[in-house]
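1. okay, structure incoming, though there's no sequence with it:
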């Protein structure tokens, strides 16, 4: 079973920041938080990951609370092309460990 | 984009027939995965491979077998397809480095079992 809880859907206006929450209250000390997204019927795409520090890359920022029980993915200036299902995944740092997807959050960006 | 192709991209078959899906990579990544995706579910892992001839089961492996005789190819076989195996199948690859394990996904294969 997925070890994360996400809202099933969210809306965001184009150009505004999209803040996608994820609850992972049972996360273990060595587990990472990964975010992927799936646009329409394409294969999922990696966005970002982190352990305890906030992370930023060219796509998004990841804010992890100090107790690591929740995190927020931030798309700073959402575009229509960011409309997708976003998956928050927790995973231990072992090479063979699999990604366990939940049902994710369907983000709809509107004009 | 990572060099991953899946074939066929679409297939319609009948119950009881064998089906093989192919995943081919040009990245020389060590790890390869097969997932299925059904409405109302996220992706669920079927089987994965951590090297040539090294494979293991995922969470929904019943009714599926895999083989990996070369680094670049990972085959998923349905020995006797059933309607419950109608799904979209995604292949993924990764080359884990330390704690980092980004998976790159293929375009998917839509399989319909009548």
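-> That came through, no problem. Everything numeric in this text was worked out from a predicted model, so none of it was measured.
2. what parts of chain B come near chain A?
-> With Cβ under 8 Å from any Cβ of the partner chain as the criterion, chain B meets chain A at residues B:31, B:33, B:35, B:40-45, B:48, B:50, B:56, B:58-59, B:88, B:90, B:92, B:96, B:98-108. C-beta: built from backbone N, CA, C; applies to glycine.
3. show me the shaky parts of chain B.
-> Of all residues in chain B, those with pLDDT under 70 make up the ranges B:1-2, B:96-100.
4. tell me where it has strands.
-> B:4-7, B:10-13, B:19-25, B:31-37, B:43-51, B:54-57, B:64-70, B:73-78, B:87-94, B:104-105, B:109-113 (DSSP state E).
5. of all these, which one is nearest residue A:29?
-> Nearest of the strands of chain B to residue A:29, taken as Cβ to Cβ: strand B:87-94 at 22.9 Å.
6. can you redo the strands of chain B as TSV with mean neighbour count and distance to residue A:48?
-> What follows is the strands of chain B, written out as TSV (neighbours: other Cβ atoms under 10 Å in any protein chain shown; distance: least, Cβ to Cβ, whole Å):
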stretch	mean neighbour count	distance to residue A:48
strand B:4-7	17	21
strand B:10-13	13	32
strand B:19-25	19	23
strand B:31-37	24	20
strand B:43-51	21	18
strand B:54-57	14	27
strand B:64-70	16	29
strand B:73-78	19	26
strand B:87-94	24	16
strand B:104-105	22	15
strand B:109-113	18	28
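7. make a markdown table out of these and add distance to residue A:67.
-> Below are the strands of chain B laid out as a markdown table (distance: least, Cβ to Cβ, whole Å):
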| stretch | distance to residue A:67 |
| --- | --- |
| strand B:4-7 | 37 |
| strand B:10-13 | 46 |
| strand B:19-25 | 39 |
| strand B:31-37 | 31 |
| strand B:43-51 | 28 |
| strand B:54-57 | 33 |
| strand B:64-70 | 39 |
| strand B:73-78 | 39 |
| strand B:87-94 | 29 |
| strand B:104-105 | 32 |
| strand B:109-113 | 41 |
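8. right, so of those, which gets closest to residue A:4?
-> strand B:43-51 (13.8 Å).
9. report the angle between the closest one and strand B:64-70.
-> Angle of strand B:43-51 versus strand B:64-70, following axes from the mean of the first three to the mean of the last three Cα atoms, to 10 degrees, is 30 degrees.
10. give me the distance from strand B:43-51 to the chain's centre.
-> Relative to its chain's centre, strand B:43-51 lies at 7 Å (Cα atoms, centre = their mean, to the nearest Å).
11. helices and strands around it, which ones?
-> Packing partners of strand B:43-51 (3 or more Cβ pairs under 8 Å, 6 or more residues apart in numbering or on different chains; DSSP states H and E): strand B:31-37, strand B:54-57, strand B:64-70, strand B:73-78.
12. of all these, which one is nearest residue B:21?
-> strand B:73-78 (4.5 Å).
13. which strands border that closest one, and is each parallel or antiparallel?
-> strand B:19-25 (antiparallel), strand B:64-70 (antiparallel) (DSSP bridges).
14. centroid-nearest residue for chain B?
-> Taking Cα atoms, centre = their mean, the centroid of chain B lies closest to residue B:34, which sits 2.6 Å from it.
15. with distance to residue A:26 added, can I get the strands paired with strand B:73-78 in CSV?
-> As requested, those are exported to CSV (distance: least, Cβ to Cβ, whole Å):
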stretch, distance to residue A:26
strand B:19-25, 32
strand B:64-70, 29
